[in-house]
Structures are given as structure tokens and as C-alpha cells.
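K.L.:
Sequence first, then the predicted structure, then my questions.
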Amino acid sequence: MTHIALPTRFTAHLLPEDRRAAVLERTEARIVTIVLGAVSPQAGPRHLEHVFGWPKWHHPKPPETGERWSAVFNSESRSWDGMLQTNPGGPPKIVHAGPYATKVTDQMWQMLHDTGTVLLCGGLRGDPTGPEIGAAIARGKMHAVLARVLRE
């Protein structure tokens, strides 16, 4: 888990109407970024596209909005607990973070509050560093969606 800067015009539409104006006053916002790894050695970057429906991110364009996706955070522990995918006409799909549940820093918790948005992405293996994530984004190697923040 890390954070990156994105132009606010790409993220403000995920906020409630009463919070959009304040966010749009800035040109950039720091967005909490959750980078998922492959679930098995055989699963590669396209796994996210096929299983989750996350398209390839064509940087420098913004990632697409994952209208059906939300990242779930526990307000008490301030940790990422997983993801929720709503499906029209079907039950929601819940992906628990399990042992990968991550407590966010105070700064990141404030970012979640300010933007109401997270970047869910993947396309790398292991536990990539910030520079490795940035390089993969620049090379167009990431699949990603912008998603709403849910606090439980």
C-alpha cells in the first residue's frame, strides 16, 4: 500500500456532491494506492483483467472508474480489510484482505477521508517498492480502477 498524486478532476466525481467543490479547489490529490499481487505463480497481470475486470491503465490518462468496486476500511483499526464488488442482479463479491490487512498511516487515513477514493491496481509480483510501482505505471504494465472508500 502506498499513495500517488492524481489530478483531482479524475477523482472528485466519486465524492458526494457536498464534498466535490472543496476537492476540486486543488489541482492534485494524494490517493491511497493498493497494489495487489498475483494470487499464484501461474496468475499474471491479465488475471486482474479477467477475474476482476480491471482494464489496463494507459498512463498518463487516468485509470478508469470501477463503479462497482469499493475498498473497505475498518474505522476502528484504520486498516484495509478488503474489497467489495457489487453486481447488478447478483450477490456482491467480497474479497477479504485476510493476512494482507494493512493498517494505514494517519496521513493516509486523512487522504481516504479527503478524497473518498482509492486506486486499486496490480500487475507486479511480490512486494514492489514505490519506484517499482511508478515505473510499472509509466510503462503501462498496471491494471487499475479508481474505487470508492467504504468505512465500517
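P.N.:
The structure has been received and is ready for your questions. Just so it is clear, the structure is predicted and the values come from calculations on it, not from any experiment.
K.L.:
ok, residue 97 to residue 37 distance?
P.N.:
Separation of residue 97 from residue 37 (C-beta to C-beta, to the nearest Å) stands at 12 Å. Using the backbone N, CA and C atoms, a C-beta is placed for each residue, glycine as well.
K.L.:
for residue 79, that is, sorry about that
P.N.:
With the distance defined as C-beta to C-beta, residue 79 ends up 18 Å from residue 37.
K.L.:
which one is residue 146 nearest to, not counting chain neighbours?
P.N.:
Once flanking residues are discounted, residue 146 sits nearest to residue 65: 5.0 Å by C-beta to C-beta, 6 or more residues apart in numbering.
K.L.:
just checking, the one you found touches residue 145?
P.N.:
Yes: between residue 65 and residue 145 there is a contact at 6.6 Å, judged by C-beta atoms under 8 Å.
K.L.:
Between these two, which has more neighbouring residues?
P.N.:
Taking other C-beta atoms under 10 Å, residue 65 and residue 145 do not tie; residue 145 has more neighbours (21 against 16).
K.L.:
check contacts around the more buried one.
P.N.:
Neighbour list for residue 145: 54-55, 63-66, 69, 119-121 [criterion: C-beta atoms under 8 Å, 6 or more residues apart in numbering].
K.L.:
For residue 85, state which of these is nearest.
P.N.:
Residue 85 lies nearest to residue 69 out of the contacts of residue 145, by C-beta to C-beta, at 5.5 Å.
K.L.:
Test of understanding: give the bridge partners of that closest one.
P.N.:
Here residue 69 sits in beta bridges with residue 85, going by DSSP bridges.
K.L.:
number of nearby residues for it?
P.N.:
So residue 69, with other C-beta under 10 Å, has 21 neighbours.
K.L.:
where does it land on pLDDT?
P.N.:
pLDDT recorded at residue 69 is 92.
K.L.:
Would you agree it is in contact with residue 84?
P.N.:
Yes: Residue 69 is in contact with residue 84 according to C-beta under 8 Å; the separation is 7.3 Å.
K.L.:
where along the chain do the helices fall?
P.N.:
17-24, 46-47, 106-115, 130-138 (DSSP state H).
K.L.:
Now for the protein, the helix or strand with the poorest mean pLDDT.
P.N.:
helix 17-24 (a mean of 51; mean pLDDT, DSSP states H and E).
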